[in-house]
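When you get a sec, could you give me coordinates for this:
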Amino acid sequence: MEKLACCCRKLGQFCRDSCNRVTCFLDLPVHPLWLQLIYFLIVSLLGCLALTVSKPRTTSFRPKFVDVFFTSVSATTTSSMSTVEMEVFSNTQLITMTILMFVGGEVFISMLGLQYARSKFPKNHRSTVDQNRASSTAINVNLMSQIHNSLNKQNKLGLIALPGPESEKRNQNDVEQAGIICLDSLSLEYNSVMALGYVVLGYLLVVILVGSGSVFLYISLDSTARTVLKSKGLDFKTFSVFSVVSSFTNCGFIPTNENLMVFKKNSGLQLLLISQILMGNTLYPPCLLLVTWVLKKTSKRPEFSFILRNYRDMGYSHLVSLPHAALLFVTVFGFISIAIVLFCCMEWNSEALDGLNSYQKLVGSLNQAVNARHAGESVFDLSSISPAILLLFIVMMYLPPHTTFLPTKYHDQVASENGKGSPNRRKLQTSFMDCLMLSQLSYLVVFIILICITERQKMKEDPLNFSVLNIILEVTSWMLE
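Here you go, the predicted structure:
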């Protein structure tokens, strides 16, 4: 036990020293863009070195250096592109890719951004409120001494009349109290940024650990999933952590050559991964807001109240207001619902869904719709999907993860949150139809999808004249006339 305690103390000291070194490095006058570029380059090179040193699973085939570097960059940037089959990589290489996806994920990078923001605070404010209270007395004494000397000089010249002793003492107390409040406010802001960093780190670790344990438990209880992994020689624990980290970071890698197509009958596994995809990408801001609110109610700490009241000033783009989070939640599930309805209407009896019962088809459609928003995992063969559905998936992939369809009366509020508008600008009163107005490009996409749906039979029989490109050209020319 003593050795364990000693190791924990040394580990804690190492972490503190590392944080101090990182903070000193971040104090350098470097643009955040260059910091991110340097970070991704260093992590990608280290990952490429680790993947190169580790031996692949098959001795007959060894990937080229370019392929290994491409895979390392793809894992670090969570783009899920690979020129090598996933089953070529050994267990050690899969663990390396898991680490690369973890440190390159959006949530982890945003946590580093909070560390960068914390490093920009003045050094005399990087302390607790109590320390600031102790130091504020000395600061205010020096300030009052300077003011007192200046007033004495003016009194001797007859320019002013000094107040009595009681009034002077009262004024001195007021100035000291104002100084303490000012320093406490700065310390509260600094502590709130630090607390938000801990909340993001805790959210990241808890979601991934719980998700990995849930996937491992499901594999242990489901015989079909165990059979698939055993036939491919994959370790259960490695597969669980790899799949969860890949889904949470929206990378899209799965340690099988067929991605999730070999698990299209395992609806439980798909639902577990769906929750990871949503909590790590499109629904991350609402989940973060909910976690912060719960911590405020349970801990009663002032930092969480400060975070919720001053979310615009925290410098964290994923922290939004309650109305914005609610509209984001509605938008996400609106997109998913539209994709599921269209996918089920057009592909329910298709070849891609052969051999599945109704429940498996519904869960598979949900998984495919959720993965269309940046995740990249695939349950069905996309080459057999109709062009209208593929076009819808392209549009969903194009939209940023925080896209919301806001009524105009909330637009100015959200614009001011993002620094794109004046908070004093008058909010516009709109009708329900005004809220449904879309851009010209949106109408173009809607009409193309509708034509692809109505002409899907001719697109199969005569693909030369009824192709997606021809439909796009015709609709575009029609709308521009």
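
C-alpha from now on. contacts and neighbour counts both.
OK.

Secondary structure element for the nearest residue to residue 108 once chain neighbours are set aside, which one?
Nearest residue to residue 108 in three dimensions, chain neighbours excluded: residue 102, at 7.1 Å (C-alpha to C-alpha, 6 or more residues apart in numbering). Element membership of residue 102, judged by DSSP states H and E, is helix 91-104.

Which other helices and strands does that helix contact?
Counting contacts by 3 or more C-alpha pairs under 8 Å, 6 or more residues apart in numbering; DSSP states H and E, helix 91-104 packs against helix 32-53, helix 65-76, helix 236-248.

could I get these as a markdown table with mean neighbour count, mean pLDDT and distance to residue 313?
Formatted as a markdown table, the helices and strands packed on helix 91-104 follow (neighbours: other C-alpha atoms under 10 Å; pLDDT from 0 to 100; distance: least, C-alpha to C-alpha, whole Å):
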| stretch | mean neighbour count | mean pLDDT | distance to residue 313 |
| --- | --- | --- | --- |
| helix 32-53 | 16 | 89 | 18 |
| helix 65-76 | 21 | 92 | 29 |
| helix 236-248 | 25 | 94 | 27 |
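
can you put those helices in JSON lines and add distance to residue 254?
JSON lines is the format used below for those (distance: least, C-alpha to C-alpha, whole Å):
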{"stretch": "helix 32-53", "distance to residue 254": "17"}
{"stretch": "helix 65-76", "distance to residue 254": "11"}
{"stretch": "helix 236-248", "distance to residue 254": "6"}
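
burial count for the residue nearest to residue 108?
Neighbourhood size, residue 102 [other C-alpha atoms under 10 Å]: 24.

Dump the C-alpha coordinates for the one helix or strand residue 304 maps to into CSV.
Applying DSSP H and E as the criterion places residue 304 in helix 302-309. Extracted C-alpha coordinates of helix 302-309, given in CSV (Å, rounded to 0.1, in the frame of the first residue of the first chain):
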residue,chain,number,x,y,z
PRO,A,302,-20.2,29.0,-7.6
GLU,A,303,-18.1,28.0,-10.5
PHE,A,304,-20.9,26.1,-12.2
SER,A,305,-23.4,28.9,-11.7
PHE,A,306,-20.8,31.3,-13.2
ILE,A,307,-20.4,28.9,-16.2
LEU,A,308,-24.2,28.7,-16.9
ARG,A,309,-24.7,32.5,-16.5
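
so how far is the helix or strand just after it off the chain centroid?
Going down the chain from helix 302-309, the next helix or strand is helix 322-347, by DSSP H and E. Relative to its parent chain, helix 322-347 has a centroid offset of 19 Å by C-alpha atoms, centre = their mean, to the nearest Å.

Check stretch 61-75 too.
26 Å.

ok, now stretch 225-243?
Stretch 225-243 sits 27 Å away from the centroid of its parent chain (C-alpha atoms, centre = their mean).

Over to stretch 272-291?
8 Å.

Need the residues that contact it.
With contact meaning C-alpha atoms under 8 Å, 6 or more residues apart in numbering, stretch 272-291 is reached by 106-107, 199-200, 203, 207-208, 211, 214-215, 243-244, 247-250, 308, 318-320, 322, 325-326, 328-329, 332, 367, 370-371, 373, 375, 401-402.
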